[in-house]
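Chemist: Build me a model from this:
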Amino acid sequence: MNKVFAFISSYLPLYVLLMINIVNYGKSIYYWIILTTLILLIIISIIVLLVYLAGKGGPLFLEKNLQIDKFKSDKLRSDCMYNYLLVYFIVLLTFNKNNNVMLMITSLIIFAFIGVLYVRANMIYSNIVLLLFGYVPYISTETGNIYVVNFDIDKLIKKSHAGTESQSPIIKATIIGNGIVLVRKQDNSFS
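Modeler: Purely as a prediction, here's the structure:
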């Protein structure tokens, strides 16, 4: 369920744009359904983002000698941007002033389909709202874990070398999906 909420929160700006877009719609039953849905999505998104940004991470063993593939991480971010913008393009094109309900339903089905794909493919690290708040995803070459951090990744790599043979270093982090870890600077002390 955490992954579903992460996906929903990643489109907070889209919900706001859609609310602005429907202001001039006739006040039909469809208008009220869309408005209520958008308000619920915005509330869910804000709560999820507050938990991610202001919540406290729990203890987590950091993999020893963390290696980050910066090229793969850059490709990861660019692929996310294209997918993210595609959803905006599709949804905003179908929500028009003609109030064509079938187009809106089709758009929502496409959005839900993309959501299922993102959750199943574990692509929830592509939360653009987190990127706007300074969180950047990096991928580990050893484990494939994705670390979403709001500080220089080299600090996390350095911390991973601080463990002993029998004890891995411990960080505070929030697991937001399978192998996807949100690490906040304010929860950890890095030298």
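Chemist: What strand or helix carries residue 114?
Modeler: Taking DSSP states H and E as the criterion, residue 114 maps to helix 101-120.
Chemist: What is the neighbour count of residue 34?
Modeler: 21 (other CB atoms under 10 Å). Backbone N, C-alpha and C define where each C-beta goes, glycine included.
Chemist: show me the contacts for it.
Modeler: Contacts of residue 34 were listed using CB atoms under 8 Å, 6 or more residues apart in numbering, and they are 18, 22, 25, 104.
Chemist: Over to residue 186?
Modeler: So, once contact is read as CB under 8 Å, 6+ apart, residue 186 ends up touching nothing.
Chemist: Can you pull up the most central residue in this protein?
Modeler: For the chain, the residue nearest the mean C-alpha position is residue 127 (2.3 Å; CA atoms, centre = their mean).
Chemist: For this structure, just list every one of the strands.
Modeler: Counting by DSSP state E, one finds strands in the chain at the ranges 58-61, 136-139, 146-149, 170-177, 180-183.
Chemist: Serialize those to a markdown table and add fields for distance to residue 113, mean pLDDT and mean neighbour count.
Modeler: Below are those laid out as a markdown table (distance: least, CB to CB, whole Å; pLDDT from 0 to 100; neighbours: other CB atoms under 10 Å):
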| stretch | distance to residue 113 | mean pLDDT | mean neighbour count |
| --- | --- | --- | --- |
| strand 58-61 | 32 | 88 | 12 |
| strand 136-139 | 23 | 86 | 21 |
| strand 146-149 | 23 | 90 | 23 |
| strand 170-177 | 19 | 88 | 18 |
| strand 180-183 | 21 | 90 | 24 |
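Chemist: Residue 41 is nearest to which of the ones you listed?
Modeler: Closest approach to residue 41 among the strands of the chain is made by strand 170-177 (18.1 Å; CB to CB).
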